[in-house]
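**Student:** Predicted model and sequence below, questions to follow.
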Amino acid sequence: MRTRFIDLVSIEVYGGKGGDGIVSFRREAYVSKGGPNGGNGGAGGDVILVVDPKLTTLADFRNGAIFRAENGRSGGSANKTGRGGRDEILRVPPGTVVCDSDTGEQLGDLTEAGQDLLVAPGGKPGKGNALFATPKVRAPRKFTKGEPGTYRKIRLELSLIADAGLIGVPNAGKSTILSTVSAARPKIAGYPFTTLNPALGMVKMAKGFSFVLADLPGLIEGASEGVGLGLRFLRHVERNRILIFIVGAGLEMDPSEQYRTVREEVMTYKPDLEELDEIVVLSKADLINEEEKMTILETLPEGTMVICAVTGLGMEEFLRTIAASIRRLRNADK
């Protein structure tokens, strides 16, 4: 069964309560006045988020779900410390941003495999009466209770991480391109908003080189202001290192208007994206003749590529161009 794609969810997390200290006195034969030996409690368990690279969605969570770490155990006699509570480990996909729902504060940005984030510390343990003995007070009956763990309501927001992202208006041909060059099988149909969720595909090139390509849901005018599902869609643009603007031939909106609209929405949402590499592609070239193609290219940025995923026209050059940019960026990181 296909996994649901969930990219935004709110949950509640509780750190475990610390165990109580106890009052206890040593009881041994022939010892009439044994000293205090009440042990400390155990620390409450923590709630910890851990990045699992095998995950690509927040489908393991549901809105309003509650997660609790285990409480610490009370101390014992003979100065025995109570067992600490077990941590609650929650696995999340790379690209998960964690925010405090009440304050809006960003608590963490989880991008690397194995990276963890403590979101609800357990409570401190209570002290047993053995710790309160003094030369003047040799038989204290004082002890402290364990502290409650931290409670938080947190929001998990997923922004998929990819080397390059396919961006365009609905029905521009992004899903067909991804399904052609990778093993990904996004839903494809001849009507707008077929793609309501991002899809990732691994593109394998020669000599063991590969990269991740994302098919991002179609953007419309006003997306940066929240029109439709614009803000949710735009969130997935942030993590891409290369922006590939796909403009489709044969649509009601002409290609130059598609490019202007989508690029403007992306840059309005996050101006920093202006610094990323851009590739502009005219897709569905089988729907226009040579004269129409040349007329359209005059209205698009210089260097715009022409492809047709169905016939294979221009696809090899398209992939080589993306691969060259990715290699350059990866080498720059070294």
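**Tutor:** On my side now, so go ahead.
**Student:** any idea where the strands of the stretch 51-200 of the chain begin and end?
**Tutor:** Using DSSP state E, counting those that start in this stretch, the strands of the stretch 51-200 of the chain run over 66-68, 88-92, 96-100, 106-110, 116-120, 151-158, 164-167, 199-204.
**Student:** Listing partners with orientation, what would you give for the shortest one?
**Tutor:** Looking at strand 66-68 with DSSP bridges, its paired strands and their directions are strand 8-14 (parallel).
**Student:** Ok, the second one next?
**Tutor:** Paired strands of strand 88-92, with direction, are strand 47-51 (parallel) (DSSP bridges).
**Student:** Now do the partner strand against strand 151-158, angle only.
**Tutor:** 10 degrees (axes from the mean of the first three to the mean of the last three Cα atoms, to 10 degrees).
**Student:** still on that earlier bit, using TSV, please lay out the strands of the stretch 51-200 of the chain together with mean pLDDT, distance to Asn331 and mean neighbour count.
**Tutor:** Backbone N, C-alpha and C define where each C-beta goes, glycine included. Formatted as TSV, those follow (pLDDT from 0 to 100; distance: least, Cβ to Cβ, whole Å; neighbours: other Cβ atoms under 10 Å):
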stretch	mean pLDDT	distance to Asn331	mean neighbour count
strand 66-68	98	42	15
strand 88-92	96	30	19
strand 96-100	94	28	19
strand 106-110	94	25	17
strand 116-120	98	30	19
strand 151-158	94	29	19
strand 164-167	91	16	26
strand 199-204	83	18	18
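**Student:** Which stretches in the protein count as helices?
**Tutor:** For the chain, the helices defined by DSSP state H occupy 174-181, 230-235, 255-269, 290-297, 315-333.
**Student:** and the gap between Asp7 and Arg62?
**Tutor:** For Asp7, the distance to Arg62 equals 13 Å [Cβ to Cβ, to the nearest Å].
**Student:** Wait, Ser24 touches Gly39, no?
**Tutor:** Yes - the criterion here is Cβ atoms under 8 Å, and Ser24 meets it with Gly39 at 7.5 Å.
**Student:** Which of Asp7 and Arg62 has more residues huddled nearby?
**Tutor:** Remark: of Asp7 and Arg62, Asp7 carries more neighbours, 22 against 11, as counted by other Cβ atoms under 10 Å.
**Student:** so what's the more buried one up against?
**Tutor:** Residues counted as contacts of Asp7 (Cβ atoms under 8 Å, 6 or more residues apart in numbering) are 57-58, 157-160, 197-198, 232, 235-236.
**Student:** switch to 10 Å and redo it
**Tutor:** Residues counted as contacts of Asp7 (Cβ atoms under 10 Å, 6 or more residues apart in numbering) are 56-59, 93, 95-96, 156-160, 197-198, 232-233, 235-236.
**Student:** Please indicate which of these are buried?
**Tutor:** 56-58, 93, 95-96, 156-160, 197-198, 232-233, 235-236 (16 or more other Cβ atoms under 10 Å).
**Student:** For beta bridges, what are the partners of the residue nearest to Val92 when sequence neighbours are not counted?
**Tutor:** Nearest residue to Val92, sequence neighbours excluded (Cβ to Cβ, 6 or more residues apart in numbering): Leu49, at 5.3 Å. Judged by DSSP bridges, the bridge partners of Leu49 are Leu90, Leu117.
**Student:** Touching, Leu49 and Leu118? I think so.
**Tutor:** Yes - taking contacts as Cβ atoms under 10 Å, Leu49 lies within contact range of Leu118: 8.2 Å.
**Student:** Give me the common contacts of the two.
**Tutor:** 107-108.
**Student:** Spit out the contact partners of Ile326.
**Tutor:** Per Cβ under 10 Å, 6+ apart, neighbours of Ile326: 163-164, 203, 205, 209-213, 241-242, 277.
**Student:** cutoff 6 Å now
**Tutor:** 163, 211 (Cβ atoms under 6 Å, 6 or more residues apart in numbering).
**Student:** Could you report the distance from it to Asp163?
**Tutor:** 5 Å.
**Student:** anything in contact with each of the two?
**Tutor:** The contact sets of Ile326 and Asp163 overlap at Phe211 (Cβ under 6 Å, 6+ apart).
**Student:** quick check: domain ranges of the protein?
**Tutor:** Following automatic domain parsing, one finds the domains of the chain at 1-158, 164-333.
**Student:** can you tell me which of those the model trusts least?
**Tutor:** Lowest mean pLDDT within these: domain 164-333, a mean of 83.
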